[in-house]
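Engineer: let's see this in three dimensions:
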Amino acid sequence: MIMSKYGIGVVSKNTVDACIEYANNTGNTITLIPSRRQIDFNGGYVENWTTKEFAKYVREKTYNIFLKRDHGGPNQGLLSDDGYESFVQDCIYFDALHIDPWKSVTSFENGCKLTKDYIQYCYQRNPHILFEVGTEESIFRYDADKLEYLLKYLKDNLSEPTFNNINFAVIQSGTNLQENRNTGNYDKKRLLSMIQVCVNYKILSKEHNGDYLPVELITEKLKLGLDAINIAPEFGQIETQVYLSEIKNTPLFDIYFDICYASRRWVKWVDPLFNPFSNKEKLINICGHYVLSTPYFLTQIKRNVRQDIDLKIKETIIKRLKELYGRP
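Structural biologist: Residues are numbered from 1 along each chain as shown. Here you go, the predicted model:
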């Protein structure tokens, strides 16, 4: 389970169901990586599931899915907080936690200390919980030397059993998401240097924001020693595109746009000069998955498209999973 090479974002119930079906049918392990905005102790934009409800839903259907909190920590949820209340539930219902205070830190040293503090808090609540440390470069950029500093700091300041529960560290080799594309500049040398740091500490390497990358590039990174990669918004876009294929030339298209525009979920992903009204389809593609569980979408869009829409979506998602895992 720990060696699942793909972390798939919990962007919708259909994505969760497709991952469960694929894992059960093929024996491949998949890690589901809900962010706090998607799933949290008090709900989220995916089915309004709480952490407990989501974990129960998955556990009742499969033993082939590993559950890991993605970006756990301060100010990562829908409201500003210190993250501790969320971690209480995570320690009960998840297998692993990504400890990510980096959105709120004042310095790299401060980030290291906060990482240690959160790990100690969670380990005290569940000594079997596993940890992922570090973050993606769009949140806090660092190089191999800084990653070395982080891991050494944690090794020196945590008990040996606690440090041994760190099974992943986030490496950065040039991935970044904007609109519906990966705008990062891949740096092979940086990838290799960070992987080597992980090897030195006997910790697995993980990269975030693997969305919209060719399978060939992902495969190259894995062959170079990268142990795992996260993919999230891409699966939301897959579902959105299925809906668009059904409603693009109907009045439902403008209703979908209005729902997405009003959500404001697209703002963080676009350039400040982005004009939503001249880029309606692009805006829907960017944030269409955020609104799939809203009552207005369910009554105005989903109720008025083909009855087997969920089946078509899951088939499309499974097709992408097969491409990633190299299965026909």
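
Engineer: quick one: the strands in the chain?
Structural biologist: Assigned by DSSP state E, the chain shows strands spanning 6-8, 30-32, 65-72, 96-99, 130-133, 166-170, 177-178, 181-182, 204-207, 228-231.

Engineer: what mean pLDDT does stretch 105-122 get?
Structural biologist: The average pLDDT for stretch 105-122 rounds to 97.

Engineer: among the strands of the chain, which comes closest to residue 309?
Structural biologist: strand 6-8 (20.4 Å; Cβ to Cβ). Every C-beta, even on glycine, is put in place using the N, C-alpha and C of the backbone.

Engineer: mind checking which of the strands of the chain is nearest residue 277?
Structural biologist: The nearest among the strands of the chain, by Cβ to Cβ, is strand 177-178 at 19.3 Å.

Engineer: residue 87: which of the strands of the chain is closest?
Structural biologist: Closest among those, once you apply Cβ to Cβ, is strand 65-72, at 6.1 Å.

Engineer: mind listing what's buried along stretch 67-82?
Structural biologist: Buried residues in stretch 67-82, defined by neighbour count with 16 or more other Cβ atoms under 10 Å: 67-74, 76-77.

Engineer: ok, those residues vs residue 106, which is closest?
Structural biologist: Top of the list for closeness to residue 106, among the buried residues of stretch 67-82 and by Cβ to Cβ, is residue 74 at 12.2 Å.

Engineer: and residue 202, how many neighbours does it have?
Structural biologist: Using other Cβ atoms under 10 Å, residue 202 has 9 neighbouring residues.

Engineer: next up, the contacts around it.
Structural biologist: By Cβ atoms under 8 Å, 6 or more residues apart in numbering, no residues touch residue 202.

Engineer: what's around residue 249, how many residues?
Structural biologist: Applying other Cβ under 10 Å, we find 7 residues neighbouring residue 249.

Engineer: separation between it and residue 281?
Structural biologist: 11 Å (Cβ to Cβ, to the nearest Å).

Engineer: hang on, the earlier thing: and the strands of the chain: which comes nearest residue 23?
Structural biologist: Per Cβ to Cβ, nearest to residue 23 of these: strand 30-32, 4.9 Å.

Engineer: for that closest one, which outside residues touch it?
Structural biologist: Against strand 30-32 from outside (Cβ under 8 Å, 6+ apart): 1, 4, 6-8, 10, 16, 19, 22-23, 58, 64-68, 96, 228, 321.

Engineer: could you turn the buried ones of these into a ChimeraX selection?
Structural biologist: A single ChimeraX command selects the buried members of the contacts of strand 30-32 (16+ other Cβ under 10 Å):
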select :4,6,7,8,10,16,19,22,23,58,64,65,66,67,68,96,228,321
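
Engineer: check contacts around residue 174.
Structural biologist: Contacts here follow Cβ under 8 Å, 6+ apart; on that basis residue 174 touches 137, 184-187, 190.

Engineer: narrow these to those that are buried.
Structural biologist: Neighbour-count burial (16+ other Cβ under 10 Å) applied to the contacts of residue 174 gives 137, 184, 190.
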